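Undergrad: Curious how this folds, go ahead:
(one chain, ligands or ions: 1)
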Amino acid sequence: MSIYSTWLTIDDNDHATHCAVYERMPAGDDWPDGAVMVAGGIFYRRTEQACTCGNPPPLVYQGSHVNPSQDGPRGGGVDVAAIPNHCHPQVRGTLTDDGPPVEFVRLSVAEDETTYGGPQPGYAQVVLDRAQVERLRDTLTNWLDTRERW
Ligand SMILES: [Zn+2]
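TA: Take a look at the predicted model:
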């Protein structure tokens, strides 16, 4: 069981159901071919449309000589996860949720498959736009400022 709690995800799976990347499918009980998710009993499949909900994945890093642009290719992901107070080693496995803050955060970065093979094994690069940087900043500021993490 993971002790980490996701606080922020910026990837290609963070779209609202009304986003143009999804198309509604007929309602049904069985998971239809091509469906990628279900919400409220409605199945959705992916389209080739660009994101319209404001939660696109990061921009693909295309090299140090390429200026990123909002309509550039997107892929990869960033994830921030905290360890809740109740998973602090001092209280883990006890009946209390009243542990002190755990002063570690997990930052995960996944590169788009089109740019695999970076300079070092395990080295991942993504480009964040301003809105994504603001979400990352706000998440990290919240993590730094709060004593009660969940
Ligand atoms: Zn979207």
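
Undergrad: ok, now how distant is Leu107 from the ion?
TA: Separation of Leu107 from the ion (CB to the ion, to the nearest Å): 23 Å. C-beta: built from backbone N, CA, C; applies to glycine.

Undergrad: what's the neighbour count on that residue?
TA: As a burial measure, Leu107 scores 11 neighbours (other CB atoms under 10 Å).

Undergrad: Residue numbers of the chain in contact with the ion?
TA: Proximity of the chain to the ion, by CB under 5 Å from the ion, involves residues 15, 19, 51, 53, 55.

Undergrad: The second one - how many residues pack around it?
TA: When you say that, I think you mean Cys19. When neighbours are counted by other CB under 10 Å, Cys19 comes out with 18.

Undergrad: isn't there a helix covering it?
TA: No: secondary structure of Cys19 (DSSP: H, G, I helix; E, B strand; the rest coil): coil, not part of a helix.

Undergrad: who's in contact with the nearest residue to it once chain neighbours are set aside?
TA: Counting by CB to CB, 6 or more residues apart in numbering, Cys53 is the residue found nearest to Cys19 once chain neighbours are left out, at 3.6 Å. Neighbouring residues of Cys53 by CB atoms under 8 Å, 6 or more residues apart in numbering: 15-16, 18-21.
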